[in-house]
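S.K.: here's my sequence, what's the structure:
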Amino acid sequence: MSRVCLALALAGLLLATPPAAAAEPAARAPAVKPQAKPAPPAGGPHPAAEPPTAPAAEPPIVPAAEPPVTAATPAGDWYGGPVPGADGKFAYCVTENRYDTGHLLIIALSPQGEINVGMQIPGASLPKDTQWTVTLSVDGGTERTRTAVATQGDLLVMPQGKDDELFERLMNGAELLIRSDTDRVAFRLKGTKKALSDLRTCIAKGGDVPVSRPAPPRSGPLPDELMTLLAEAGIRDVAPVPLDNLPADRRPDFLWRAGSVTASVRQHAVDETATLSEISDLYRTAMVKACAGAAATYGDVEVMVGLTLRTGSLECPSAKGPLHVALLLYLTDAKLFTLFTHEAPASEAATADGMRDRLAAAVRALAAKEFSIDRAFSAPAKAKAP
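M.R.: Residues are numbered from 1 along each chain as shown. Next comes the predicted model:
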């Protein structure tokens with residue numbers, strides 16, 4: 001997912017103090033069925049003098065088979081940088097990489113040297129704050145058993161505390177194995193020597209380093225989830241637009257044309273305390289600043305099942321004439337924020353607004369059906385949770 005990268009957008013989540021660990025269930029002793037004592041023969045000795053009857057032997061306990069290992073290889077380069085806290089000041093540094101299995105591996109480092117490992121699981125729907133016992137090991141050694149916390153439906157955070165040995169192994173090792181009772185994922189640690197060295201540099205410089213971002217996808221078909229939503233809105237004849245020529249800090253997740261309208265979508269996770277009003281105000285400030293002389297307006301925030309939504313527009317002067325940008329913003333209960341833009345010459349404002357309004361109607365309809373729209377448009381197919 002291109003954007004302010006996922007881990008950077010998770011400020012306040014990744015290094016949050018996890019809830020208290022769930023109590024381990026007490027070990028249960030095998031039940032032994034009482035054996036009836038045979039009646040003594042007539043005139044025989046008193047029952048108390050007879051040897052006790054041994055209990056029946058319990059069948060041996062066969063340990064459950066280990067789940068198969070999912071081998072994961074990085075799909076690109078590591079990226080990340082400094083992350084601000086709620087007060088806007090530097091909080092910690094993070095690096096992350098998307099793998100060919102759809103997993104996202106996240107490694108964060110605090111100024112105090114504390115490490116957090118995060119794993120985004122494609123298609124998972126974990127109850128928030130659920131806890132899992134997981135074990136991490138690098139190249140078969142440096143084993144750590146930790147309590148992982150589901151900070152959102154598809155993200156597990158595994159606090160490691162200050163652990164220089166683990167950090168060095170992650171930097172110089174070949175494979176990180178994360179395993180639970182139901183899942184095992186082996187992450188190839190390609191590129192971590194430089195990535196974690198950059199992470200240390202980020203901390204040493206107090207976050208005064210540039211943010212790196214994932215390489216944009218080449219032009220190609222839009223994700224099925226996005227195409228389905230556009231079709232629901234009656235938006236057809238969609239042509240993807242390459243992102244290569246756009247500045248890195250202005251690239252949306254996906255860009256396309258539909259007739260005279262150029263449209264885009266951006267998605268990222270936000271802090272669990274964020275509201276749509278706050279986020280949309282931040283975007284309005286940024287858009288007006290980027291387009292000198294612009295004016296942006298919003299409608300009221302709508303509250304519905306699973307999300308909040310609002311529409312708006314931006315009027316932007318340009319060298320080629322005034323532009324009209326129709327805006328659709330929504331925030332799901334799982335804290336996935338989405339911004340759709342539909343840009344056209346001011347003379348085609350009604351066309352852009354019509355596409356926005358039909359798309360908003362499609363999102364409302366999905367919410368009314370309690371259809372899950374918590375997944376990012378680039379999310380891979382559903383995979384089992386640990």
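S.K.: alpha carbons only: can I get the longest strand along the chain in PDB?
M.R.: Among the segments of the chain that qualify as a strand by DSSP state E, the longest is strand 141-152. Provided in PDB are the C-alpha atoms of strand 141-152 (Å, rounded to 0.1, in the frame of the first residue of the first chain):
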ATOM      1  CA  GLY A 141      18.400 -19.700  17.700                       C
ATOM      2  CA  THR A 142      17.800 -16.500  19.800                       C
ATOM      3  CA  GLU A 143      14.400 -17.800  20.700                       C
ATOM      4  CA  ARG A 144      11.900 -15.400  22.300                       C
ATOM      5  CA  THR A 145       8.400 -16.300  23.600                       C
ATOM      6  CA  ARG A 146       6.200 -13.300  23.800                       C
ATOM      7  CA  THR A 147       2.600 -12.200  24.100                       C
ATOM      8  CA  ALA A 148       1.400 -10.600  20.900                       C
ATOM      9  CA  VAL A 149      -1.500  -8.200  20.900                       C
ATOM     10  CA  ALA A 150      -4.000  -7.600  18.100                       C
ATOM     11  CA  THR A 151      -3.900  -3.800  17.900                       C
ATOM     12  CA  GLN A 152      -6.300  -4.000  14.900                       C
END
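S.K.: partner strands of the following helix or strand past that strand and their direction?
M.R.: The helix or strand immediately downstream of strand 141-152 is strand 155-162, counting by DSSP states H and E. Strand pairing for strand 155-162, using DSSP bridges, gives strand 114-120 (antiparallel), strand 141-152 (antiparallel).
S.K.: which residues in the stretch 101-250 of the chain form helices?
M.R.: Using DSSP state H, counting those that start in this stretch, the helices of the stretch 101-250 of the chain run over residues 164-172, 192-204, 224-232.
S.K.: want to throw these into TSV with mean neighbour count?
M.R.: C-beta: built from backbone N, CA, C; applies to glycine. Below are those laid out as TSV (neighbours: other Cβ atoms under 10 Å):
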stretch	mean neighbour count
helix 164-172	17
helix 192-204	18
helix 224-232	16
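S.K.: closest to T73 out of the ones you listed?
M.R.: T73 lies closest to helix 192-204 among the helices of the stretch 101-250 of the chain, at 12.9 Å (Cβ to Cβ).
S.K.: got the contact list for A326?
M.R.: For A326, the contacting residues are T311, G312, S313, T341, H342, E343, A349, A352, D353, M355, R356, D357, by Cβ atoms under 8 Å, 6 or more residues apart in numbering.
S.K.: now for the helix or strand harbouring D357, which elements pack on it?
M.R.: Assessed by DSSP H and E, D357 sits inside helix 349-368. On a contact count with 3 or more Cβ pairs under 8 Å, 6 or more residues apart in numbering; DSSP states H and E, helix 349-368 meets helix 224-232, strand 261-269, strand 302-304, strand 307-316, strand 323-332, strand 336-345.
S.K.: out of these, nearest to A248?
M.R.: Once the helices and strands packed on helix 349-368 are compared by Cβ to Cβ, strand 261-269 is nearest, at 13.5 Å.
S.K.: tell me the strands beside that closest one, with direction?
M.R.: Short version: by DSSP bridges, strand 261-269 pairs with strand 254-258 (antiparallel), strand 336-345 (antiparallel).
S.K.: hang on, the earlier thing: how about the helices and strands packed on helix 349-368 in CSV, adding mean pLDDT and distance to P159?
M.R.: Converted to CSV, the helices and strands packed on helix 349-368 look like this (pLDDT from 0 to 100; distance: least, Cβ to Cβ, whole Å):
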stretch, mean pLDDT, distance to P159
helix 224-232, 87, 32
strand 261-269, 92, 19
strand 302-304, 91, 34
strand 307-316, 94, 30
strand 323-332, 95, 26
strand 336-345, 94, 23
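S.K.: since that was my last question, I'll sign off now.
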